Structure formats: structure tokens, C-alpha cells
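Undergrad: Need coordinates for the below:
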Amino acid sequence: MSGQQTWGPTVSGGGRRTGRRLLRLVLVLVLVALLALGGLAWWLSSQIPREDVDGLAVPGRTMHVLVVGTDSRDDLTREEQRELGVGGTGGERADTIFIMTVRGGQVALLAFPRDLWVERCDGSTGRINVAIEAGPTCMVETVRDLAGIDINHFMRVTFGGFVDVVDAVGGVELCLDQAISDRDAHIDLPAGCQVLEGTDALGYVRVRKIDDDLQRIQRQQEFLQALAREVATPATMLNPLRVHRLGDEAGDAISVDDRLGVLGLARLAWGARGLAGGEAVTHTVPTTPERRGEAAVLVPNPEAEALYARFRDGSVLDETESAIRPEQVEVSVRNGAGVSGLAGQVGDLLEARGYQVVDIGNTDQRQDTLVQHPPGQQEAAQAVARDVPGEVTIEESPEARHVMVLLGPSAGGR
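TA: Below you'll find the model as predicted:
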């Protein structure tokens, strides 16, 4: 199993957001980084618990962060375990393992299947997900020795933290083509557009019976895009109470190594622009199914080493390059939503993401958000549309001198 995909927006007739375990961790990382991007890195750094992790390398121009989601129920009461459908299994396994590689605004992800058969830190062989039982240092050493990639930072995410983060943004809207019902995941979702709160969202990203692994990756990439946009709306980023609640929940959702400070969070924030903007590239370690005794496992195939090498030297990040960079795009923002100050707020968000905001003002009141562009600048308009909150329509206009954003109510979270 192997795969590489550039993340991008999903467009459908009825809604703006559609809905693997990988993504339920990335979305928390995006949340933390986006909040840091909003100027809260010092405060966030004080909220996040720290772990003593050995074996970490000093970051260079490229930073590699090992993100591990665990199935520990230690932070859940028995009632919460029953409600979330996660059972009460003791011990701890890695539910998801991936490396997030960041350089400036570029980001790439390398996912390690939890059934990957490896030599672990103590010399034993077995599934990679068991290494976390011996602690984060063992997991760092196991991944480093397998892939030859120096790990600079470590992050751990739990079940309960995911639920709280989704609830803190008021839920995530998904548009489902078909109904989904699964007793094991504790979900019974109708077809159509709906807002999923934390418990249903956890069930949705954990359900295993509706598709295969590669389809789940695509499904949850779309979920991440939806949540990242929810976090980025002015209704969230410019609401002090909601921002502080998100920071509190993020602090409960994750723990990090004791070397990850304000500078590291700021670097993650810059990389999160690529995640939230749909420009990241994801890879899964190429594997071959085999059996070890009675166990069905996965072993890295010959293609894996070439992929590891691209992460080691940072060349994998060249795959994330876009023909259009934000700093190349001039944008005007016009408020047609009837929400006081919205054009300035969205303009600030676009400037934070690197765009040249040349003008801010008002326009006639409108029901939708429209991004207009001169002939030949469709790609620039598409880049801006990805970074504007809410539902967005793109239109060519011969009268436009540069990209023009005409804001409707959805840009303000309405």
C-alpha cells in the first residue's frame, strides 16, 4: 500500500465540506499551529503539557515532527468510554504514527501503518504501534532507525482531546452522499449536509467498515480541510472566548517534548498554512502484506527507502511547490456581509497568510462570497478562495485589475 496526494478543496453541489486516523491528529496540530499563527504562541506554549523525550536532533532548516495518536483511555471515564465507543482496553498502542516535515510554508506528511513489522528500540521485532508502550523515546528511536530520518520534536494526541477540539469550534459541517451506520463506531448518520459534534466526528474518522485504507485517507483529508477552515473563520479566530477555549482544549488534547518551545510552534504555524490551504503532500510507507506466524502484517517494500531518502534530504517538500505563491497575489477585500469590520478581519487573515492586501472597503450587501479575477489569473483566485472562510464562488471579470474578494455572510461564520 502506498500513496501520495496533494490536498485540495472538495467541491460539491450542496455544501462546502465533506468528510483515517491520521487526520484526527493532524487537525489538532493544525488547530495549535493556526492559533500560534494568530499571535498566541507564547500563551499556547504555556498551556501544553511536556514530556521528557531522548534521542531528538536539533532542528535545521527542515524540521521533522513525529506525531503519535494513542488509544489510551486513561483520560476518559468509563461513561465517556461507553459514549465514544472506544472500550476500556488497558495499556497503550499507537493508533496513528506519522512524520510531519516542515520548511517555511511547505509541509509533507509520512504515515506509518500501525501493522508495520519492524525492529523496535529494544531489539525486539513486532508491530510498530507497540513501541509507544515503552515510552516516547522508544517510539522516536524506532521510527528514526527504520527510516533514517532525524526526529526533531514529538507530539502525542488522545481520543478525548479530539472530541473536545471539535466541540470547541462548534462542530464540523459534512455533506454525506450516503448514510453511515456502524455500531462499533457509535454512529448513525443520515445522508446529506449536517454538523458533526465531537462524539459523532470521532466515530466518523474511526469507522472502518465503509471503505478501504486509501479511501479513508481521502475521506479524512477532506475532514481536516473542513476543520481547518472552521478554525480559520473570523467567527473563531477573532472571538477571544472561543480562541481561549480552543487553546485550553488543545492543551488537554496533546503533549509535546520539552524542547518544543515558542519558536517551534511558530515554525509549525507557518507550515500549517500549507495544510489549511490545501498545498501539503502526504505519503504512506510503501508496504507488502505478509504473515508472521498467525498474524497478518505489513513490511516495507523496496520503494520505501527512496521515499525515506526524499524526507531525509527535504526534497519531498519540492512536491508541495505551487505555481502561485501568496506573496505574488494582490487582493482587494470588500464587505458585503453586513457584519461590521469583516473586510478588515478577513484582510488581516489573508495578510497573515502572505497575500498583498492592497485595498479594503465595502460593497453592496450580498448573500454569497465571490472571488473575482482578471483574465489569466484563475490560479491566483483559486489560491485566495482556499484561504477565504466560508463558501466561495470564483468568477472571471474583465473589469478586475487584481483578485477581488466580495464577502457574504458565510465569511463571518453565518
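Undergrad: for the chain, longest strand please?
TA: Identified as the longest strand of the chain according to DSSP state E is strand 94-103.
Undergrad: Remind me what the very next helix or strand once past that one packs against, helices and strands.
TA: Using DSSP states H and E, the helix or strand that follows strand 94-103 in sequence is strand 106-111. If you count contacts as 3 or more Cβ pairs under 8 Å, 6 or more residues apart in numbering; DSSP states H and E, strand 106-111 packs onto helix 21-35, strand 94-103, helix 262-276, strand 281-284, helix 304-312. In this view, the C-beta of every residue, glycine as well, is placed from N, C-alpha and C.
Undergrad: What's the first helix or strand after the shortest one?
TA: This means strand 281-284. Next helix or strand after strand 281-284 toward the C-terminus (DSSP H and E): strand 287-292.
Undergrad: Ser181 - nearest residue in space that isn't next to it in sequence?
TA: Take Ser181 and drop its neighbours on the chain: the residue closest to it by Cβ to Cβ, 6 or more residues apart in numbering is Asp188, 4.7 Å away.
Undergrad: before we move on, what about Ala383?
TA: Leaving aside its sequence neighbours, Ala383 sits nearest to Ile324 (Cβ to Cβ, 6+ apart; 4.9 Å).
Undergrad: now that neighbour, what's its secondary structure?
TA: coil (DSSP: H, G, I helix; E, B strand; the rest coil).
Undergrad: correct me, but it touches Ala380?
TA: Yes: counting by Cβ atoms under 8 Å, Ala380 is a contact partner of Ile324 at 5.2 Å.
Undergrad: Who has more neighbours out of the two?
TA: Between Ile324 and Ala380, counting by other Cβ atoms under 10 Å, Ala380 is the more crowded of the two (23 against 16).
Undergrad: what about the helices in the chain?
TA: Using DSSP state H, the helices of the chain run over 21-35, 41-47, 78-84, 136-147, 159-168, 198-206, 213-232, 234-237, 240-253, 262-276, 304-312, 342-352, 378-387.
Undergrad: who does the fourth one touch, helix- and strand-wise?
TA: This points to helix 136-147. With contacts taken as 3+ Cβ pairs under 8 Å, 6+ apart, helix 136-147 sits against strand 63-70, strand 94-103, strand 117-119, strand 153-157, helix 304-312.
Undergrad: Out of the ones you listed, which gets nearest to Asp368?
TA: Closest approach to Asp368 among the helices and strands packed on helix 136-147 (Cβ to Cβ): strand 94-103, 34.4 Å.
Undergrad: pLDDT on the closest one, on average?
TA: Averaging pLDDT along strand 94-103 yields 86.
Undergrad: try stretch 49-61
TA: The average pLDDT within stretch 49-61 is 92.
Undergrad: Which residues does it contact?
TA: Under the contact criterion Cβ atoms under 8 Å, 6 or more residues apart in numbering, stretch 49-61 has outside partners 103, 136-137, 140-141, 144, 150-154, 156, 251, 254-260, 264, 267, 314.
Undergrad: go on, stretch 112-127?
TA: 1, 93-99, 128-131, 134, 137-139, 141-143, 145-146, 213, 284-285, 287, 290, 292, 296-300.
Undergrad: Equivalent analysis for stretch 131-141, please.
TA: 51, 53-56, 66, 68, 70, 91-94, 97, 118, 120-122, 142, 151, 154, 156, 257.
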